[in-house]
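Visitor: Got a sequence here, can you model it:
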Amino acid sequence: MPKPVLIEDRDVILKITGSTICGSDLHLLHGSVIELQKGDILGHEFCGVVDSVGSAVHNVKPGDRVVASFQIACGECFYCKQKLSSQCERTNSNTIERGMYGGNTAGFFGYSHFTGGFAGGQSEYTRIPMGDVNLLKLPDNVPDEKGLYLSDVLSTSWNCVVDTGVKEGDVVAIWGAGPIGQMCIDFSFINGASRVIVIDSNWRLDMVKEKYPKAETLNFKSLPKGESVVSTLKSMTDGHGPSVCLECVAGEYPKGWAHTFEIMAGMETDTSEILNEMIESVQAFGRVGITGVYVGYVSLSCAHVVSASANVTSDQPLQHWLPHESRYSLHRQWPSSCAQVLGRATQDDPGWQDRPTQDGVTQNPHGGHGQSLLQVRQEGGRYAEDLC
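Guide: Residues are numbered from 1 along each chain as shown. Next up is the predicted model:
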């Protein structure tokens, strides 16, 4: 594919030095998120070196090391002015998304034409629309392995905790022990949680026990006969349930046969099983926060939706650098991994080899995860979510 070129005066061309595969990329791979077209370049978590800038860009220059936001914000609309940029009104004009949800999210890098058709960062070069807003300079002492987290995974987990209102003394239950879930453990304790209970299965929980000794674990695959996740959480919390429940999984991973067959048959895109567990588990006047991607509708009502962004840093989950062509085959076999799979643009780039961390095509310039946080609050005992 040809090297992208500057189109608008706020564009930036970025030479990619590192990118990741997000768990939400698997929704594209599995066909859950629609409108992925031949020739689309994936990747919404990436960093690099500025190659060239448009005439209206003055805050970054060629040679600067930067990390890109996964969402594309204009910086000027109603939502951007409130720092709710994942709902930017100007960067995604997709009519199917608007028809499904009654509105649009912001445009996202490398996330199909459903979110604007922008080329992503799993490439050698990427065009950054409105680069004066959507790039953050990285200090020289922050390596790619750490800077990459600022693009999505870290801000997503931070907002999961903060926007769902974790506060002093809360008991927090987290569904999913992948990178987002692990960071939510840290951020829950930072925000004052007295206890954190992580629900998952197999070796991921072993990793949590090793890296987060303060956290408690619940293996949903090894519960005693007659017990469920809901009943176990109730018994672990004196019958009240957790004060906060956080979803860090996504909607396309069914637990039971019924939803498995329904998804296989195309009868639904998502399962509500985890959401149901959260709603049934949370204590009265508790909070439920949803960070995973849900494509379709779920039979719930009364939603309170919020989204935001934050800049914080962590390097806890193990990372692996791989050449681009190797990463999807690994992630496909490792769909709920605890590791963030990173990549270099080419095998010639230094450091592409597998190692742990220490301490494209020009698309529609106005088209449109920010993985916006969706939050459900308890309202008179019933809950709801308009999942977007």
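Visitor: what's the helix or strand for Val196?
Guide: Here Val196 is covered by strand 195-200, with elements defined by DSSP states H and E.
Visitor: My read is that Lys137 contacts Arg65, right?
Guide: Yes: distance between Lys137 and Arg65: 7.0 Å, which falls inside the contact criterion (C-beta atoms under 8 Å). The way it works is simple: take the backbone N, C-alpha and C, and place the C-beta from them, glycine included.
Visitor: So these two - more neighbours on which side?
Guide: Arg65 (19 against 13; other C-beta atoms under 10 Å).
Visitor: that older thread, any idea of the angle the very next helix or strand once past the strand holding Val196 forms with strand 195-200?
Guide: Downstream of strand 195-200, the next assigned helix or strand under DSSP H and E is helix 203-211. Interaxial angle of helix 203-211 relative to strand 195-200 (axes from the mean of the first three to the mean of the last three C-alpha atoms, to 10 degrees): 150 degrees.
Visitor: Which other helices and strands does whatever helix or strand comes next after helix 203-211 contact?
Guide: Per DSSP H and E, the first helix or strand lying C-terminal to helix 203-211 is strand 216-219. Applying 3 or more C-beta pairs under 8 Å, 6 or more residues apart in numbering; DSSP states H and E, we find strand 216-219 packed against strand 195-200, helix 203-211, helix 229-236.
Visitor: could I get these as TSV with mean neighbour count?
Guide: Below are the helices and strands packed on strand 216-219 laid out as TSV (neighbours: other C-beta atoms under 10 Å):
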stretch	mean neighbour count
strand 195-200	24
helix 203-211	16
helix 229-236	18
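Visitor: Wait, a strand at Gly289?
Guide: Yes: assigned with DSSP: H, G, I helix; E, B strand; the rest coil, Gly289 falls within a strand.
Visitor: I'd assumed Thr164 was in contact with it.
Guide: Yes: counting by C-beta under 8 Å, Thr164 is a contact partner of Gly289 at 3.0 Å.
Visitor: shared neighbours of Lys137 and Arg65, anything?
Guide: With contacts defined as C-beta atoms under 8 Å, 6 or more residues apart in numbering, no residue is shared by Lys137 and Arg65.
Visitor: Ser222: neighbouring residues, count only.
Guide: By other C-beta under 10 Å, neighbour count at Ser222 equals 9.
Visitor: Please tell me the pLDDT value assigned to Gly165.
Guide: pLDDT, Gly165: 95.
Visitor: how long is stretch 250-267 end to end?
Guide: 17 Å (C-alpha to C-alpha, to the nearest Å).
Visitor: Kindly report the same for stretch 62-69.
Guide: 18 Å.
Visitor: Going by neighbour count, which residues of it are buried?
Guide: The neighbour-count check on stretch 62-69 (16 or more other C-beta atoms under 10 Å) flags 64-69 as buried.
Visitor: Where strands are concerned, which of these count?
Guide: Taking DSSP state E as the definition of strands, the buried residues of stretch 62-69 contribute 65-68.
Visitor: For Ile7, state which of those residues is nearest.
Guide: Nearest to Ile7 among those is Ala68, at 16.8 Å by C-beta to C-beta.
Visitor: who are the neighbours in contact with the closest one?
Guide: Counting by C-beta under 8 Å, 6+ apart, Ala68 has contacts 14, 46-48, 109, 121, 126, 128, 134-136, 151.
Visitor: Which strand residues bridge it?
Guide: Leu135 (DSSP bridges).
Visitor: again, but for the one 4 residues further on
Guide: According to DSSP bridges, the partner residues bridging Ile72 are Gly107.
Visitor: Give me the mean pLDDT for the longest strand belonging to the chain.
Guide: In the chain, ranked by residue count with DSSP E as the criterion, the top strand is strand 12-21. Averaged across strand 12-21, pLDDT comes to 95.
Visitor: Let me know the next secondary structure element after that strand.
Guide: helix 25-29.
Visitor: Could you check that next one and say which residues are buried?
Guide: 25-28.
Visitor: Export those residues as TSV, with columns for distance to Gly169 and pLDDT.
Guide: Listed next are the buried residues of helix 25-29 as TSV, based on distance: C-beta to C-beta, whole Å; pLDDT from 0 to 100:
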residue	distance to Gly169	pLDDT
Asp25	37	86
Leu26	36	84
His27	36	84
Leu28	40	86
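Visitor: Reformat the residues you listed as JSON lines; add distance to Leu36.
Guide: Listed next are those as JSON lines, based on distance: C-beta to C-beta, whole Å:
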{"residue": "Asp25", "distance to Leu36": "10"}
{"residue": "Leu26", "distance to Leu36": "12"}
{"residue": "His27", "distance to Leu36": "10"}
{"residue": "Leu28", "distance to Leu36": "5"}
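Visitor: Pick the one among the residues you listed closest to Ser155.
Guide: Out of these, the member with the shortest distance to Ser155 (by C-beta to C-beta) is Asp25, at 16.9 Å.
Visitor: mind pulling up the phi and psi values for the spatially closest residue to that closest one that is not a sequence neighbour?
Guide: Computed as C-beta to C-beta, 6 or more residues apart in numbering, the closest residue to Asp25 that is not its neighbour in sequence is Leu42, at 5.9 Å. Backbone torsions of Leu42, given as degrees, to the nearest 10, read phi -90, psi 180.
Visitor: Adjust the sequence numbering to begin at 403 for everything that follows.
Guide: Okay, using 403 as the starting number, the last item reads as Leu444.
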